[in-house]
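K.L.:
Give the three-dimensional model of this entry:
(one chain, ligands or ions: 1)
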Amino acid sequence: MADSLTVTDNRTGKTYELPVQDGTIRAMDLRQIKAGPDDFGLMTYDPAFMNTANCRSAITYIDGDKGILLYRGYPIEQLAEDSDYLETAYLILFGELPTAQQQQSWIREITLHTMLHENVKKLMEGFRYDAHPMGIFLSTVGALSTFYPDAKHIFDKDSRLKQTHRLIAKVPSIAAYAYRHIVGRPYIYPDNDLSFTGNFLNMLFKMMEVKYQPNPVLARALDVLFILHADHEQNCSTSAMRNIGSSQVDPYSALAGAAAALYGPLHGGANEAVLRMLNEIGSVAKVPEFIKKVKSGEGNHRLMGFGHRVYKSYDPRAKVIKKIADLVFTVTSKNPLLEIALELERIALQDDYFITRKLYPNVDFYSGLIYQAMGFPVEMFPVLFAIPRTVGWIAQWEEMLLDSEQKIARPRQIYTGHSARNYVPREQRD
Ligand code: CMC
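P.N.:
Numbers count the residues shown, from 1 in each chain. Prediction:
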């Protein structure tokens, strides 16, 4: 057999031929390898899924060594240049770019679903004044399942499409309400005359003006940032979405879980850490000293916004973001931390420590600077990530549901506890 792996079990001397397909062997093919008749069969041990493919997916392709990111085959750089978020969302969900007519009805559907039920508003009002907006966001998304009980018909295509429209349209409204809540301003209803990101800016920043006019540069910058964050294959939150969804729960409940995974500082919170780091460095003159600390491991310093589990070259999203930053700063005035970031990047990219470890700027290195310059508090950063990632979560969830090989996710374990023992009555315990 050409595409196969020959394995000899040295415990028994037996040899097995395992098929190799798409560069993988099937873990279940190992089960036949047994040390004796009572043996359960061989398993793999892979904490954090470092080397395990959990699904087949046709949505997003990443080549970490070459710095390539494709959505449905289209390079991220081309989408960031020529597309907008809603068109990219359509592409990710349905596999092809929309025709003019499809695009028109897609935008119409999303625009018609931007309003939140008044009781959702009341629910959000119940949060404490200092509640973290990401906590508000994920709780409210989860609560939507009680407003749309039809969402549990997950094998009904029309129902899935309806929840998709609702989710994509309503997450910016929830995010904006969460922001207005923490800054103590009244919630602003959506304005359906505006674009997706123009309306989002309206719901965030409208004050007493009769009609809010979004700045076109900022609206476009958000559009591009949303494109860049729309999907990233099997990351922590997307795996959570697939895992929870595999229990066949409704998409709102699954998406609340995915958003919870994104809330963590190792996932959606890194751009906040970049800002903290830049503030701590304080000035361009202190950059060499900081780099020295990172290299020596002193104080456990890492260069935040650098390095990636998958990318071992410049994150293609970071390249696009750098350009967007220049554009945004023409409107908002320059973020004073930019000079420090540029100097850090300049020094790190020619330093052996970073070169040999293949540490390059990732998507988070510049995004926080842009969000801060646009007036967002750092707590909003993961929420701004969750809005576009919603499309990736839904697409991956639906792909999982329609994949006949998928079942409820249920990993195995290596048991390290006691063997069976008898219950000890309370009075006999030491
Ligand atoms: N600064 C300094 N050294 C680093 C860094 C860094 N940012 N990242 C990795 N290293 C070193 C690390 O110390 C290790 O060195 P050695 O081999 O001498 O022990 C080597 O590089 C390999 O690191 P690792 O921790 O094994 O790599 P990983 O794949 O487990 O970690 C990472 C990936 C992203 C968690 C890590 O690079 C990191 O902590 N970066 C900073 C945080 C960050 O920017 N996170 C955002 C990721 S992108 C957002 C997303 O897609 O969700």
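
K.L.:
Could you verify my assumption that residue 130 touches residue 184?
P.N.:
No - taking contact to mean CB atoms under 8 Å, the distance of 10.3 Å between residue 130 and residue 184 leaves them out of contact. For every residue, glycine as well, the C-beta is placed using N, CA and C.

K.L.:
Flag every buried residue along the lengthiest helix in the chain.
P.N.:
The longest helix of the chain (DSSP state H) is helix 157-183. By neighbour count with 16 or more other CB atoms under 10 Å, helix 157-183 contains the buried residues 159-160, 162-182.

K.L.:
do you know how far the residue in the stretch 251-400 of the chain that the ligand sits nearest to is from residue 359?
P.N.:
When CB to the nearest ligand atom is the measure, the stretch 251-400 of the chain has its nearest residue to the ligand at residue 307, with 2.3 Å between them. The gap separating residue 307 from residue 359 is 4 Å, by CB to CB, to the nearest Å.

K.L.:
The chain against the ligand: which residues are in contact?
P.N.:
For the chain, the residues found near the ligand under the criterion CB under 6 Å from any ligand atom are 232, 235, 267, 270, 294, 302-309, 357, 359, 362-364.

K.L.:
Please narrow those residues to those residing in helices.
P.N.:
When the residues of the chain next to the ligand are checked against helices (DSSP H), the matches are 270, 294, 364.

K.L.:
that older thread, report how many residues lie close to the residue of the stretch 251-400 of the chain closest to the ligand.
P.N.:
Neighbours of residue 307 under the rule other CB atoms under 10 Å: 18.

K.L.:
Could you double-check that it sits in contact with residue 364?
P.N.:
No - Residue 307 sits out of contact with residue 364 when judged by CB under 8 Å, with a separation of 10.4 Å.

K.L.:
before we move on, back to that, give me the buried subset of the residues of the chain next to the ligand.
P.N.:
Among these, those scoring as buried are 232, 235, 270, 294, 303-308, 359, 362-364 (criterion: 16+ other CB under 10 Å).

K.L.:
From the residues you listed, which shows the smallest pLDDT?
P.N.:
Taking those together, the minimum pLDDT is found at residue 270 (83).

K.L.:
list the contacts for it?
P.N.:
By CB atoms under 8 Å, 6 or more residues apart in numbering, the residues touching residue 270 are 304, 305, 362, 364.

K.L.:
now swap in residue 68 and tell me
P.N.:
Residues 61, 62, 75, 316 are the ones in contact with residue 68 under the rule CB under 8 Å, 6+ apart.

K.L.:
Give the partner strands of the strand or helix carrying the second one in its sheet and their orientations.
P.N.:
This means residue 62. Following DSSP states H and E, one finds residue 62 within strand 60-63. The sheet places strand 60-63 alongside strand 68-71 (antiparallel), with pairing taken from DSSP bridges.

K.L.:
residues in contact with whichever helix or strand comes after the strand it pairs with?
P.N.:
Later in the chain than strand 68-71, the nearest helix or strand by DSSP H and E is strand 74-75. Taking contacts as CB under 8 Å, 6+ apart, the residues outside strand 74-75 that touch it are 68, 69, 91, 97, 316.

K.L.:
Make JSON lines from these and add pLDDT to it.
P.N.:
Converted to JSON lines, the contacts of strand 74-75 look like this (pLDDT from 0 to 100):
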{"residue": "68", "pLDDT": "96"}
{"residue": "69", "pLDDT": "97"}
{"residue": "91", "pLDDT": "98"}
{"residue": "97", "pLDDT": "98"}
{"residue": "316", "pLDDT": "94"}
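
K.L.:
quick check, nearest of the residues you listed to the ligand?
P.N.:
Here the nearest of those to the ligand, counting by CB to the nearest ligand atom, is residue 69; it sits at 10.8 Å.

K.L.:
wouldn't the closest one be in contact with residue 314 here?
P.N.:
No - when contacts are counted by CB under 8 Å, residue 69 is not listed as touching residue 314 (11.3 Å).

K.L.:
More neighbours: which of those two?
P.N.:
When residue 69 and residue 314 are compared on other CB under 10 Å, the one with more neighbours turns out to be residue 69, at 26 against 16.

K.L.:
Contacts only, for the more buried one.
P.N.:
Taking CB under 8 Å, 6+ apart as the criterion, residue 69 is in contact with 60, 61, 62, 75, 76, 232, 316, 317.

K.L.:
Quick one, which of the residues you listed are buried?
P.N.:
With neighbours counted using 16+ other CB under 10 Å, the contacts of residue 69 contain these buried positions: 60, 62, 76, 232, 316, 317.

K.L.:
Isn't the fourth one up against residue 393?
P.N.:
If I follow you right, that is residue 232. No - applying CB under 8 Å as the test, residue 232 and residue 393 come out as separate, 10.8 Å apart.

K.L.:
which residues do the two both contact?
P.N.:
Looking at what touches both residue 232 and residue 393 (by CB under 8 Å, 6+ apart), the common residues are residue 238.

K.L.:
Surely residue 255 is within a helix?
P.N.:
Yes - assessed by DSSP: H, G, I helix; E, B strand; the rest coil, residue 255 belongs to a helix.

K.L.:
Confirm for me that residue 331 is in contact with residue 217.
P.N.:
Yes - counting by CB under 8 Å, a contact exists between residue 331 and residue 217, whose distance comes to 4.9 Å.

K.L.:
Format the contacts of residue 270 as JSON lines; extra columns: distance to residue 382.
P.N.:
Written out in JSON lines, the entries for the contacts of residue 270 read as follows (distance: CB to CB, whole Å):
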{"residue": "304", "distance to residue 382": "15"}
{"residue": "305", "distance to residue 382": "15"}
{"residue": "362", "distance to residue 382": "15"}
{"residue": "364", "distance to residue 382": "11"}
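
K.L.:
Among these, which one lies nearest to residue 22?
P.N.:
Set against residue 22, the nearest of the contacts of residue 270 by CB to CB is residue 362 (27.1 Å).

K.L.:
contacting residues around the closest one?
P.N.:
So residue 362 contacts 270, 305, 306, 307, 308, 311, 315, 317, 318 (CB under 8 Å, 6+ apart).

K.L.:
quick one: residue 194 and the ligand, what's the gap?
P.N.:
As judged by CB to the nearest ligand atom, to the nearest Å, residue 194 and the ligand stand 29 Å apart.

K.L.:
who touches the residue nearest to that residue when sequence neighbours are not counted in this structure?
P.N.:
Leaving aside its chain neighbours, residue 194 sits nearest to residue 202 (5.7 Å; criterion: CB to CB, 6 or more residues apart in numbering). Residue 202 makes contact with 188, 190, 191, 194, 212, 214, according to CB under 8 Å, 6+ apart.
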